[in-house]
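A.B. asks: got a sequence here, can you build the structure:
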Amino acid sequence: MRNIIEDTITQAVVASMREAEDARLRTVMTCLVQHLHSFAREVKLTEDEWFRAIRFLTAVGHITDDKRQEFILLSDTLGLSTLVTAQNNQKPSGCTESTDFGPLFVEGAREYKSGDDISNGASGEPCFVSGRVLSADGSPIASARIDVWQSDEDAFYDVQRRPESSLTAEHQTRGRLSSAADGTFNFRSILAGAHPIPHDGPVGRLLDALGRHPWRPAHLHFMIAAPGYETLVTHIFRNGGQYLDSDAVFGVRPSLIADWVRHEPGVAPDGTSLGDAFYTLQYDFVLNLRNI
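C.D. replies: Modelled structure (predicted):
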């Protein structure tokens, strides 16, 4: 390996990994090196461009913490998250499609009972969400763990609120509940609206440089887990909303678009009397059996 030149560097790097005990790691790294070197050759990457890329990735690392995952955000905006999700979550016809996980899920969200209000004081028009968790044969799945999270009417998730904000109640518009014996679930929240992905960091600056907007169409996030079934991570998108055809993270699927129905003031699904208009959303989730 003493005579390393432009034409031999790729083979030399690949050869250096041949003793790796982990065969999968060796395969992945070999392909990565080959494609990365081919990319550099194809675009004739300059030293200045290489260094700017290093600075960009360093900035992505610096802004990442336990509340913000800029690397996932980068993966999302490049379509990589959707690609990996799609090729690793092939499901039988009739099962609910998976989407990307996103960077704003929070472990340890508050647990609620069916019918509870998960908005926890967040501002927005009332919205009542209901549905069922089913197996592919239509059987109800009881005690499925359902995590849900969304933004508020100001287009923020709770973890994006600054500490000095007056709206800093923990776990607003997110929570965990379980399906009933008949597979049903319901909760109260607020109307989902379009919101931008965090764009005050390096990923946002990249989108701006590429002439892209940071907006996502209105949606709810769901993660549903039950013994014997594959865990489902997905979104439900609001029909008729803006950005359905230009989602910044390429997550929209036709089967995941649903109607949020507007109702005039009156008696809500939970029996309360509301003086303002409210919305309802009904959606059934179908889980895929886990291969044993």
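
A.B. asks: in the stretch 101-250 of the chain, what spans have low per-residue confidence?
C.D. replies: For the stretch 101-250 of the chain, the stretches flagged by pLDDT under 70 are 103, 160-169.

A.B. asks: what segments of it are helices?
C.D. replies: For the stretch 101-250 of the chain, helices defined by DSSP state H, counting those that start in this stretch occupy the ranges 202-209.

A.B. asks: with just CA atoms, put stretch 51-68 into CSV.
C.D. replies: The C-alpha trace of stretch 51-68 is given here as CSV (Å, rounded to 0.1, in the frame of the first residue of the first chain):
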residue,chain,number,x,y,z
PHE,A,51,-14.0,20.9,3.9
ARG,A,52,-17.4,22.6,3.7
ALA,A,53,-19.0,19.2,4.0
ILE,A,54,-16.9,18.4,7.0
ARG,A,55,-17.9,21.7,8.6
PHE,A,56,-21.6,21.1,7.8
LEU,A,57,-21.6,17.6,9.4
THR,A,58,-19.7,19.0,12.4
ALA,A,59,-22.5,21.7,12.8
VAL,A,60,-25.1,18.9,12.5
GLY,A,61,-23.4,17.1,15.4
HIS,A,62,-23.1,20.3,17.5
ILE,A,63,-26.8,21.1,17.4
THR,A,64,-27.9,17.5,18.1
ASP,A,65,-29.0,16.8,21.7
ASP,A,66,-31.5,14.8,23.7
LYS,A,67,-34.3,17.0,22.4
ARG,A,68,-33.2,17.6,18.8
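
A.B. asks: quick one: contacts of the top helix by length along the chain?
C.D. replies: Using DSSP state H, we find that the single longest helix of the chain is helix 23-43. Helix 23-43 is contacted from outside by 9, 10, 13, 14, 17, 18, 20, 45, 50, using Cβ atoms under 8 Å, 6 or more residues apart in numbering. The C-beta positions use only the backbone N, C-alpha and C, and glycine is treated the same way.

A.B. asks: wait, residue 127 sits on residue 186?
C.D. replies: No. Counting by Cβ atoms under 8 Å, residue 127 stays clear of residue 186, with 11.3 Å between them.

A.B. asks: name the residue in those two with the higher neighbour count.
C.D. replies: A count of neighbours by other Cβ atoms under 10 Å puts residue 127 above the other of residue 127 and residue 186, at 23 against 18.

A.B. asks: ok, that one to residue 236 distance?
C.D. replies: Counting by Cβ to Cβ, to the nearest Å, the gap from residue 127 to residue 236 is 12 Å.

A.B. asks: next, show the common contact partners of these two.
C.D. replies: Any residue near both residue 127 and residue 236 by Cβ under 8 Å, 6+ apart counts here, and that gives residue 281.

A.B. asks: looking at the contacts of helix 23-43, which is nearest residue 285?
C.D. replies: residue 20 (40.6 Å; Cβ to Cβ).

A.B. asks: give the contact list for that closest one.
C.D. replies: With contact taken as Cβ under 8 Å, 6+ apart, residue 20 is in contact with 26, 29.

A.B. asks: could you redo the last one with a cut-off of 7 Å?
C.D. replies: residue 26 (Cβ atoms under 7 Å, 6 or more residues apart in numbering).
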